[in-house]
Every structure is written in structure tokens, then in C-alpha cells.
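Q: Give me a model of this one.
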Amino acid sequence: MLSMSELKKTITSAIALSVFLIIAFILVYNVQIIGILDDNIVLTLMNKHKENFKTELNGIDSVYTQDFILDLEGVKELKIRCKRKKDDEEAFISFTLTDADTGEVLAEKDGYSSEILKKKNSYIRLPIEESKSDFRGRNLRLTVELEDAVETRVRIVSNNKNGIVSSVNGDSNNKTNIIYGVEYGSKLWLRALYIAVVIMLSFLFILCFVLFIIRKCDFVKAYIPLAFAIGIIMSLIFLPHGIPDEPGHIDTAYMYSNVILGRGKTPNGLLEKRHCDVVQDDMLVNGLESNSYYQLKQHLFTRPKDTDIISVSFDYTGGIVPDIVYIPMALGIAIGRLLGLSTFMIYFLGRLLNLCVFIFITYLAIKIIPCGKNLMAFILLLPINMQQAMSASYDCVLNAVIILFIAYVFMVYKREKIKKRDIIILALSALVIAMSKGGVYIPLCLLLIGLPFGFKKHMNRRILVIVLAIIIVLIGVLIYAEYPVLKSLLIDGTVRGESNLYTFADVTADPLNVIYLYWNTINKKGASLIMELLGGKLSWLGVRASWMFLIPFIIGLLLLANVEGEKIDFDKKKIRCIVITSVIVFLLLFASMLVGFTQIESEYIQGLQGRYFLPIFPLCMMLLKTDMINVKKEKISSIAMFMMMSEIMILLESIPQVI
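A: Here you go, the predicted structure:
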């Protein structure tokens, strides 16, 4: 029962925080949302963050005809991106959009190529009259013709759309698409999405207030409900394809769903999918834009009609991880397909199972780890961690297994007694770590070296032999499997390819330059990596949060690393082992991006992302214990509320950036 003074303080806090949130909701809507609601909905049909290819028209191949279906209404404009090479004065180019069944002309544009394609990269825009803007149920045909061209070549940005393209130049096996983007409809209805997210964020705020202010819970007790709430909210904000490399992860999980359903794997790099799923994937860019939410609105609860199985090419992402990491997502997709659910529903179901597995494994890790429980719990609740946890990415299961491995090692450290069961669990989880991402996290297995320290002397030799045997086996598995990082270092890293990337030979020839690259990377990209690690850059790194909301995370993490009774308190040998392990993983992550990914002329290592450091983030933060800070456990709830308010603001801040 609260005393009168505590009740007044609680009511005052509730009013103050509620007023702050209401003002934030209103400001975001009036300053950021309302200004874009009158814009057209944007659908980008080309790949973002991934390479597209070019379709060329010239004096010989002068006509391109694409038959396609675009199930949209209120279409305002089609956009095609072209590039002209050389110039014939008489070269003439025309773009014509027609109804393939009736021959009705819907849009056209023509002229001399030198006049229409003036810039290096020109966007050809085909405006659509309002009376002809309903494309639903229509078979459409886009024709591009280049006439009187001798030297002139026109290269059009293109990709494959297996669902919406029916044929090219009469060839039904050709699925090339040259439509760069489409503008249609209006964003006015997206205010409903904003209202829905605001309601969910309000619920999250109430949940946090009840847990931390009224019930005085810490992060450990609040972890499960908060993880579910944040994961579900983020799943609505960051739709399928909105997380890095998620299209490939979804397709790979889809392949394993075929195995679950008894169809097996399709050979020759092809994937068997429902036709409706292929079409829906075609209508989602690998990123986030207003069209993604329109597709959600239109098709979430629509029972798909065209469920015929077709074979399509796909981006397989499972080569650097064991199959087990895709099981939750694959199982969700399989269940959804059996129930005849829409594409969005089967993807959301897979995401939900991923989230459940992540929460279950990580909560077990939090319960068994002897130190840094609250620190670990909040790191797992960081926006970037929750983003990966609720996505189709293999990071969900992999990161959870790594966290469990670390927690289990620490538990055995503290117990100073090892059982056969411990050896089996540690060996299996270490095996998953070693077989994932080219072995960049295999140095974490060095934590096992710390097991003999502090044990009874007669056990040291036997335990050390077991630990070394496990490490040797893991390294052997890694070498045998030839995972990409190791292969690039030992096999492919001696010869420079056409891409002019750093090789292993460059590293060994000039090690001082490697030191410079490491330093420049930390110096120039360090702040960006820290921002990404804290969740300041979400989705495909295009959704950014203000440092104003990230600074509370930094302060809170430092405080949580110094909570009474939760500070890391192992002996010096074990601490030394933890430090060395963290440093080696850190250096190896840099090296994995240096060799085979960084251009030789670059001044820093390219391709690094903050989320790659998530598995070692708890280790690094635990080492920041200091006698100058000593946080009492009863203060954790106040710290938690302070940090969760920042997380709510980051989620709110992301909405204007995704619509």
C-alpha cells in the first residue's frame, strides 16, 4: 500500500510523463506527419540497397515490350530510369503504355533521344490521366522503341519481377522489369497508421509505468512483457522487407518451409513459392516506403486466390549459418500456408515465432547469468536488438544462442563446478557459433579457457583437455566447411578480383596500412557504429534517431553495469580471458569486412554495421564496472522508466521516416 506522499509522487509522475508524451504525439503529427499526407504513395519497383542491372536498346535490339499486371488504382505516374550512350542526331525514342487486351493508349512520350535523355541518368515520367488511372484487373503493356539509331545506346535500369511481369517481347520466361517506380493514390489514410502506432506506444508507456513506477520491477522481471510489446510494435512499423537483407532471409526460410511441408528443396537455385507470395514480394521494395503500408492495408486479411506453386530464382542467405536458425520462421510460414493465410500473415506469423524463440532463449540466459542481469536485459531490449528479434533474420536465433552461451559460461565460472550436462550444452552452442557467419564469433569459445581457473586442482587437467578438444573440433569444423571469412582469408584472399578489393595478400604485405585502416575506421565511423549499436539507425540504416534519445541509453547502461550485487566479480584470470575474447572478436569483425569487402582505395573499412557487435556488447559493458558508481537495486525501476521513455520516443520518431 502506497503512503500518501508516495501516491502523490506517483500521480505527479504519471501526469508529467503523460503530458510530455501527448505533446510529443501532437508535435510529431503537426510538424512531420501532416506535411506529407497530401503526397502520392510511392512504389519503387527497383531494388534499394541492392544492385539492379541494365537492359540495353540499340540499333539492333531496338524494341522492348513488357507485359505486366499492376493491381493499383489512382495511378498518377510511371517512372523509368535511362542512360544514353553516344548520340545520333536522328535517333528517336518512344515510350508507350497501353492496355494489352484493348489496345487503349494509357500514356505515351516520345522525341529525339538527345532531347529526352539529356542528363547522365534521366527519369522518363509517364503521367496517367485520372480517367485511365485504375489499373486493377488490367493486362498492361509497356513498349519502348529506339529508331534510327546507329551508335546511340540506351541503357534502362531493370530487374526481375517474377510475379507482376508475364512476358518480355513475347517470351513468357523473361521476367525483366524496366519500370523504376510508380506514384499513385494519396497518403491521407496513413494518419490511421499513425493513430494506431500512437495507441500502441501509449499502451507501452502504461505498461512501463505500471511495471517500473507502481510495482517497482527491475528489467529482469519486466523483460518478457516489454520484449513482446516492443517486438509487436516494431513489427507494425518495420514491415516485411523493411529489415536489412530480410527479402533473402524470408525466401531462405520459405525454402525450409517447403521441407517442413514435404516438398523438399528445389535444385538449381530455384525456390517454389505460391504465386500470390511472389506477386506480393514484387510489390514490396527491400526497404520501407508508403506503398508497403498500403499493401498491408489492402492484403493483410485478404485470403489469397492464386496459390499455385511456381519456381523463381532467389537470394539464398543460409550458406553461412546452420539450418536450425531458420526453423522458427520456416515453421511460421509453413503453418500460415496450411491455413491459407495471406502473404503478410504468413510472414508476420514467422516473425512472431522468431520473437518467441528469441525471448525464451534470452530470458533463460538472463535467469542463469550470475552478474549483469539488468544490464543484459536492457541490452536485449535495445531497438536494434528488438528489430533483429522480430524480423526474419537469422540474427534472431544466432544472437540468442550466443547470449545463452555467454550466460552459461559465466554461470559455470561462478559455480566453479562443471558437469557433463554443462559440457554438452556448451559444446552444442559453441558449435552453432562456430558454424555461423564464417566463424567471426568463434573467438567467443575462448571463454571456455577460463573454466579451469578457480576449480579444484585435480580437475584442472581434465577440464583443460576437454576445453581444448572442443576448441580444436570447432576449428576443424570451420576449416572443413570453408565458410566465407576463412575461405576469403586462406583461399581466395591471395588474388585480387576485378572488383579491386583488399585481399589477404595486401594485409600481409603492408600490416602498418591495416593498422591505419583500423584507426581511421574507429575515428571516422566510430560514432556511427555506436549509434547503430544503440538503435539510432534502424531498418536499412535509413531510419535515424536523435542523439538526444540515445544519450539516456548510454547513461543508463553505465549505471546498470554498476548495480549492487550485479557487478562482474570474477578473478583476474577470468576477467583477462573476457577482455582478450572481446578484443579478438572486435578485431576479427573488422578483418572480415576488410578482406573481400573494402575497396583498395578506401580510407576506412567498409561494410561494418553496429549490429554485428551485439553479441559482444554485454561483455564489453560488464567490464565498465567501477567503484566510483554504486547503484542501489531499488533505483533500477527509476532508471528503467527513464530509459524506456527514450525507447518510446525513438519508435515515435521513426514513423515520419517510414511513411
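
Q: can you list the weak-confidence ranges in this structure?
A: 1-2, 120, 416, 452-499 (pLDDT under 70).

Q: Could you tell me which strands the longest strand anywhere in the chain is paired with, and in which direction each runs?
A: In the chain, assigned by DSSP state E, the strand with the most residues is strand 75-85. Paired strands of strand 75-85, with direction, are strand 122-127 (antiparallel), strand 153-160 (antiparallel), strand 181-184 (antiparallel) (DSSP bridges).

Q: Put together CSV for those, with mean neighbour count and distance to P656 on each row.
A: (C-beta placed from N, C-alpha, C; glycine too.) As requested, the strands paired with strand 75-85 are exported to CSV (neighbours: other CB atoms under 10 Å; distance: least, CB to CB, whole Å):
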stretch, mean neighbour count, distance to P656
strand 122-127, 16, 25
strand 153-160, 20, 28
strand 181-184, 21, 19
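
Q: I'd like the ones you listed laid out as a markdown table, including distance to H249.
A: Formatted as a markdown table, the strands paired with strand 75-85 follow (distance: least, CB to CB, whole Å):
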| stretch | distance to H249 |
| --- | --- |
| strand 122-127 | 31 |
| strand 153-160 | 19 |
| strand 181-184 | 24 |
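
Q: So for E145, which of those sits nearest?
A: strand 153-160 (10.4 Å; CB to CB).

Q: Next SSE downstream of the closest one?
A: The helix or strand immediately downstream of strand 153-160 is strand 165-168, counting by DSSP states H and E.

Q: For that following strand, which outside residues touch it?
A: Strand 165-168 is contacted by residues Y64, T65, Q66, D67, F68, I69, N139, S172, N174, K175, T176, N177 when judged by CB atoms under 8 Å, 6 or more residues apart in numbering.

Q: I'd like to know which elements the next helix or strand after it is packed against.
A: Later in the chain than strand 165-168, the nearest helix or strand by DSSP H and E is strand 176-177. Counting contacts by 3 or more CB pairs under 8 Å, 6 or more residues apart in numbering; DSSP states H and E, strand 176-177 packs against strand 63-68, strand 153-160, strand 165-168.

Q: Which among those is found nearest to D510?
A: strand 153-160 (37.9 Å).

Q: angle of the closest one against strand 63-68?
A: Counting by axes from the mean of the first three to the mean of the last three CA atoms, to 10 degrees, strand 153-160 lies at 20 degrees to strand 63-68.

Q: Begin at 19 from now on, thanks
A: Sure, I'll start numbering at 19, so the last one becomes strand 171-178.

Q: Tell me the secondary structure of the closest residue to D117 other than its chain neighbours, please.
A: Nearest-residue entry for D117: R156, 5.7 Å, with adjacent residues in sequence omitted and distances by CB to CB, 6 or more residues apart in numbering. The three-state assignment at R156 reads coil, by DSSP: H, G, I helix; E, B strand; the rest coil.

Q: how close does R156 sit to T120?
A: Distance from R156 to T120, counting by CB to CB, to the nearest Å: 9 Å.

Q: So which of the two has more stuff around it?
A: Neighbours per residue (other CB atoms under 10 Å) separate R156 from T120, with R156 holding more: 20 against 9.

Q: and that one, what is it in contact with?
A: I87, L88, D117, A118, D119.

Q: Quick one: buried ones out of those residues?
A: Burial by neighbour count, judged by 16 or more other CB atoms under 10 Å, picks out I87, L88, A118 from the contacts of R156.

Q: that's a strand at L124, yeah?
A: Yes. For L124, which was evaluated using three-state DSSP, the result is membership in a strand.

Q: Looks like it contacts N157 (just checking).
A: No. Contact criterion CB atoms under 8 Å: L124 and N157 do not qualify, at 11.8 Å.

Q: Pull up the overlap in contacts between these two.
A: By CB under 8 Å, 6+ apart, the residues touching both L124 and N157 are D117.

Q: the more surrounded of the two?
A: L124 (21 against 14).

Q: Could you report the distance from the more buried one to K179?
A: Plainly put, L124 is 19 Å away from K179 if you go by CB to CB.

Q: what do you get for S310?
A: 16 Å.

Q: any idea how far I146 is from I134?
A: 18 Å.

Q: Validate this expectation: T73 resides in a strand.
A: Yes. The assignment for T73 is a strand, going by three-state DSSP.

Q: so it bridges to which residues?
A: I174.

Q: for it, what are its contacts?
A: Y82, R173, I174, S176, T194, I196.

Q: Apply 6 Å and report the result again.
A: I174, S176, T194, I196 (CB atoms under 6 Å, 6 or more residues apart in numbering).

Q: for these, which one is nearest S329?
A: T194 (17.1 Å).

Q: which among the buried ones among the contacts of R156 gets closest to I33?
A: Top of the list for closeness to I33, among those and by CB to CB, is L88 at 50.7 Å.

Q: which one is the closest one nearest to, not counting chain neighbours?
A: L88's closest residue in space is F153 (CB to CB, 6+ apart), at 4.8 Å.

Q: separation between the one you found and G203?
A: Distance from F153 to G203, by CB to CB: 11 Å.

Q: Just the buried residues out of the contacts of strand 183-186, in PyMOL syntax.
A: Listed next is the PyMOL selection for buried residues among those, using 16+ other CB under 10 Å:
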select buried, resi 82+83+84+85+86+87+193+194+195
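
Q: What number of residues are in the vicinity of the closest residue to K585 other than its chain neighbours?
A: Spatial nearest neighbour of K585, chain neighbours left out: K643 (4.4 Å); criterion: CB to CB, 6+ apart. Residues lying near K643 (other CB under 10 Å) number 21.

Q: how about the helices in the stretch 569-677 of the chain?
A: For the stretch 569-677 of the chain, the helices defined by DSSP state H, counting those that start in this stretch cover 590-612, 635-640, 654-676.

Q: Of the ones you listed, which is nearest V60?
A: It's helix 654-676; of the helices of the stretch 569-677 of the chain, that one is closest to V60 (CB to CB) at 11.8 Å.

Q: got the buried residues for the closest one?
A: Buried-residue list, helix 654-676, by 16+ other CB under 10 Å: 654-655, 657-659, 661-674, 676.

Q: Stretch 272-287 now?
A: Y272, M273, Y274, S275, N276, T284.
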